[in-house]
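Colleague: Provided below for reference: sequence and predicted model.
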Amino acid sequence: MPATPNAFSVLNHPSLDQSGGGHASIQATRPVPMLESTELLKGSKTVGIMHNGSLYRLQATKLGKLILTK
């Protein structure tokens, strides 16, 4: 599949199964929106993300990795 600058394919892995059964679904991959980390962090090393009523923290490390914690 050719890569596009604005999308990437969702991985097909049991941990990503949204039905709760723990099995990967047998469906075609679909493009999803893609953001640059710089767009999320906006010059900071840490940003808060609200998800389903819980606060998560996305942090950039000195080595350029990302860590997401609850």
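Modeller: Ah, there it is. Numbering: from 1, shown residues only.
Colleague: So if we follow the domain assignment, how does the protein break up?
Modeller: 1-34, 36-70 (automatic domain parsing).
Colleague: and those domains, which one is worst for confidence?
Modeller: Mean pLDDT is lowest for domain 1-34 out of the domains of the chain, coming in at a mean of 62.
Colleague: Could you pull out the strands in this protein for me?
Modeller: Counting by DSSP state E, residue ranges of the strands within the chain are 7-9, 31-33, 46-51, 54-60, 66-69.
Colleague: could I get the ones you listed as a markdown table with mean neighbour count and distance to L40?
Modeller: Every residue, glycine included, has its C-beta placed from N, CA and C. Listed next are those as a markdown table, based on neighbours: other CB atoms under 10 Å; distance: least, CB to CB, whole Å:
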| stretch | mean neighbour count | distance to L40 |
| --- | --- | --- |
| strand 7-9 | 13 | 15 |
| strand 31-33 | 10 | 12 |
| strand 46-51 | 10 | 6 |
| strand 54-60 | 13 | 6 |
| strand 66-69 | 10 | 9 |
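Colleague: Would you format the ones you listed as CSV with distance to E39 included?
Modeller: Converted to CSV, these look like this (distance: least, CB to CB, whole Å):
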stretch, distance to E39
strand 7-9, 15
strand 31-33, 11
strand 46-51, 10
strand 54-60, 12
strand 66-69, 13
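Colleague: ok, P31 to R57 distance?
Modeller: To R57, P31 is 28 Å away according to CB to CB, to the nearest Å.
Colleague: cool, and M50?
Modeller: Counting by CB to CB, the gap from M50 to R57 is 11 Å.
Colleague: Please apply the same query to G43.
Modeller: Counting by CB to CB - G43 and R57 are separated by 16 Å.
Colleague: now do T29
Modeller: 29 Å.
Colleague: now S37
Modeller: Applying CB to CB, the value for S37 to R57 is 14 Å.
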